[in-house]
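**Student:** kindly generate the corresponding structure for this input.
(one chain, ligands or ions: 1)
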Amino acid sequence: MRRRAIDTHIHLDGYDESRCESVLDGLREEGIDAVVAVSMGLESCGKTLSLARRYPDRVLPAFGFHPEQPIPPDGGAERLFRWLEEHRSEVKAIGEVGLPYFSRMEAAAAGRTFDIAPYVRLLERFVALAAQWNVPLALHAVHDDAPIVCDLLEKHGVTKAHFHWFKGDERTLSRMMDAGYYVSVTPECVYDAETQAVIRRYPLSLLLTETDGPWPFEGPFAGQETHPRMVHHVVECIARMKEVSVFEAQERLYANAKQLYGL
Ligand SMILES: [Zn+2]
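**Tutor:** Sure, this is the predicted structure:
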């Protein structure tokens, strides 16, 4: 069986430059056909774009603003949207975008107030743009934030949505399932019960594989650098939990990624 898989969510600019090149150069030998490279903000968008130009056969670029950071200061968002317009033909997806669940939790734990409103406004602009350009959205939206994001997607008629590393309640999962949104699973599925519950609940036809690299994992991956090849473990885990062969899971997950991202 030829191994083939797609890492649908990775931060290539989170690796140092030479490491990033060696990962991309050796990708095919690892049975990884492509990666979806998400961006953190304007500077990161530039880096993602240059990698996508250099490796057009294996890097699909997504451009956006990661929500777990302070809102860009005056003019920052405008500069980013102008940049997106200027590079419109190369914008294959919008991401990573979403809402700052973890920053909000941290603020609450420290007794600080946290205003989510500017994040919702910024996200709505990205959602509207994705709808207008008909490109997929790579979303960071977990737990209580997911229903807010579902509302925005519905309001703008977005169908191509990908909730990366999703965690949330059954009700929201059903809502996402009915809308045909995709959910991606990280190597954490090997040791994390909450992720395993998502796999059990969500249909195989809407699941994707990802690493969120260079984010480090625990369990059997403790101390290892996160590499796109780790999605093969995700495929095996999903196969086991869905009670299908590894080949069937691999082919289905591969087709799902191609379908959503048009790879
Ligand atoms: Zn990410």
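**Student:** so how far is residue 23 from residue 208?
**Tutor:** Distance of residue 208 to residue 23, given as Cβ to Cβ, to the nearest Å: 19 Å. Heads up, the C-betas are built off the backbone N, CA and C, glycines and all.
**Student:** who has more neighbours out of these two?
**Tutor:** residue 208 (27 against 21; other Cβ atoms under 10 Å).
**Student:** contacts (any at all) between the ion and stretch 60-76?
**Tutor:** No: Stretch 60-76 lies out of reach of the ion by Cβ under 5 Å from the ion, never closer than 6.7 Å.
**Student:** would you mark the buried spots in that stretch?
**Tutor:** Judged by neighbour count (16 or more other Cβ atoms under 10 Å), stretch 60-76 contains these buried residues: 60-68, 72.
**Student:** end-to-end on that stretch?
**Tutor:** 24 Å (Cα to Cα, to the nearest Å).
**Student:** gap between that stretch and the chain center?
**Tutor:** Taking Cα atoms, centre = their mean, to the nearest Å, one finds the center of stretch 60-76 at 14 Å from the center of the full chain.
**Student:** residues contacting the nearest residue to residue 13 once chain neighbours are set aside?
**Tutor:** In space, and not counting its chain neighbours, residue 13 is closest to residue 47: 4.3 Å by Cβ to Cβ, 6 or more residues apart in numbering. Residue 47 makes contact with 12-13, 39, according to Cβ atoms under 8 Å, 6 or more residues apart in numbering.
**Student:** host element of the residue lying farthest from the centre of the chain?
**Tutor:** Most distant residue from the mean C-alpha position of the chain: residue 111, 30.0 Å away (Cα atoms, centre = their mean). Using DSSP states H and E, residue 111 sits in no helix or strand.
**Student:** re earlier: among the contacts of residue 47, which are in helices?
**Tutor:** Among the contacts of residue 47, DSSP state H puts none in helices.
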